[in-house]
Each structure stands twice: as structure tokens, then as C-alpha cells.
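[1] Need coordinates for the following:
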Amino acid sequence: MADLLFTDTYLAEVYDLWHPRQVRDDFDFYQPMVMSAEAVLDVGCGTGMMLHEARDLGHRGRLCGLDPAAGMLARARARTDVEWVEGGLEAAAFTEAFDLVVMTGHAFQALVTDSEIAAALVAVRRALRPGGCFAFETRNPASRAWESWRPENASDVTGPDGRPVRVTTQVVEPFDGRTVSFTHKFTGPHPALPLESRSTLRFLDAEAVREHLAAAGLAVGAQFGDWDRSPLGGPEIITLAYR
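    Now for the predicted structure:
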């Protein structure tokens, strides 16, 4: 089940303001790949920001956004020039339909168990045309990003109605070698607030990522440690894998 942050319509609006396009280094990395692919599937597309931008930039092929969260897709569907599918990757059952499958915003980490990862990767391989690329990222566990998820690092956002929203993140189940669980608390004068969303993310190192991909029949073409394509060892594990 998707987190409240993604299913609640108001919080979906806050999300885009909290993560505006100008700070999305992942979009800068993936967008040239999107523009050069004839058919693209964005898994965990959220509010559809990346596919909206691709269409605005002149992409004329198939753009499909997939997400299980109704709140996010309600915003994405404001645009009708992109195909939107509500649901999970396995249920969608695409077959050799896309040249590129992307997962942005660390969406891959929402696959918490080995069985969830295996099922998703099998579905990705099935969705790709021969030679197609699966591009995604996961946080490098060695960088211990969760150590900054603390109340004193709260973010202040101007909400969609102009009212202030404070977003406070706090770890509730520390890293156990596999996962971290945490909450986002949203407070402010809006009548929908306060709200709290709980999330659990999986952290895999680069070797484990490669092993999971190989088991699904996907071959790693490149891995990078950050959005500037620097070598592994940075905060990210950005992977390009091919069918």
C-alpha cells in the first residue's frame, strides 16, 4: 500500500512544492534518456512531472506513467497528453512495450522485500523491448542518509494555498542492515493538518543491486555514484541495466 504522503491529494500537492523541479538532479540525468527513447514507462511516476516536461520538450512517442497512489495520479491526470495507469508494475503486465523504463525519486527503495524486488524486476524485463534500458537509483547505504532524517532538519514549505507547511522527518526504526522506517509529519494552519505519513525503505549496496538484476535476466551496463556520473562510492547507486 502506498504511503499517505502519496495517496492524500493535499499532500501530493505539497510534495511537488517540497521537491520542485529546480532541485531534481535525477530529472536532469534521466530526461535526455527519456527524450531519445521512442516509448517510455515511468514507474512510480508520482504527479507526472518528468513526463509532463518530456512532452513539453517535444517528445512525440509513447509516454506512460504508472503509480499505485491515487493522490499523485490525480495531479498527473491534469494532463491528458500522457498515458496514466493506476496500479502496480506486476499487475500492469506490459510485454515488450517500452525502450526505456525509469524509476526516479528513489522509488526503487519502496520495494522492501527480496520477493517484491524480484517480482518487480521480472515485470520490468517483460515490459522492455529487447535491448531496452531500465534506469533507476537507490541511496548508497554506506552514505547513511537516514542520519540526517531528524526533527532539527525540518523543512518549511509554502503550501498550494499559500499557507506554511512544516515537514518534519524522524526515524522510528533504525537501519537494521536492510531497511529504515521513518515518519514525515506535516503541520501548519491548513485544516487538513496535522498529518503523518510512515514509510519504510530498503537499502542495497551496488553488488546486491547487480545480483538482483542478474537474477531477473537484466545486465548492468553502467553504475554511477552521483548525478554527475562519478564512480560508485558517492551518495547514490545509479544503475543502467539492459534486457
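
[2] So what are the sheet partners of the longest strand anywhere in the chain and their directions?
    Of all segments of type strand in the chain, defined using DSSP state E, the longest is strand 128-139. The sheet places strand 128-139 alongside strand 98-103 (parallel), strand 236-242 (antiparallel), with pairing taken from DSSP bridges.

[3] quick one: buried residues of it?
    Buried residues in strand 128-139, counted by 16 or more other C-beta atoms under 10 Å: Leu128, Arg129, Gly132, Cys133, Phe134, Ala135, Phe136, Glu137, Thr138, Arg139. C-beta here means a position set from N, CA and C on the backbone, and glycine is covered the same way.

[4] Among the residues you listed, which one lies nearest to Ala70?
    Each of the buried residues of strand 128-139 was scored against Ala70 by C-beta to C-beta, and Phe136 proved nearest at 23.0 Å.

[5] Could you pull up the residues touching the closest one?
    Phe136 is in contact with Val102, Met103, Thr104, Ala107, Phe108, Ile238, Thr239, counting by C-beta atoms under 8 Å, 6 or more residues apart in numbering.

[6] Around the last one, count how many other residues there are.
    Other residues within reach of Thr239 by the criterion other C-beta atoms under 10 Å amount to 23.

[7] does the closest residue to it other than its chain neighbours sit in a helix, a strand or a coil?
    What sits nearest to Thr239 in space, not counting adjacent residues and going by C-beta to C-beta, 6 or more residues apart in numbering, is Gln223, at 5.1 Å. Per DSSP: H, G, I helix; E, B strand; the rest coil, the local secondary structure of Gln223 is strand.

[8] Report the contact partners of Gln223.
    For Gln223, the residues meeting the contact criterion (C-beta under 8 Å, 6+ apart) are Ala206, Val209, Arg210, Leu232, Ile237, Ile238, Thr239, Leu240.

[9] ok, now Ile117?
    With contacts defined as C-beta under 8 Å, 6+ apart, the neighbours of Ile117 are Leu111, Arg202, His212.

[10] Give me the subset of those residues that lies in strands.
    Reading strands off these with DSSP E, I get Arg202.

[11] List buried residues within the contacts of Ile117.
    Looks like the contacts of Ile117 have Leu111, Arg202, His212 buried, using 16+ other C-beta under 10 Å.

[12] Which of the residues you listed sits closest to Glu96?
    Closest to Glu96, out of all of these and judged by C-beta to C-beta, is His212, at 21.3 Å.
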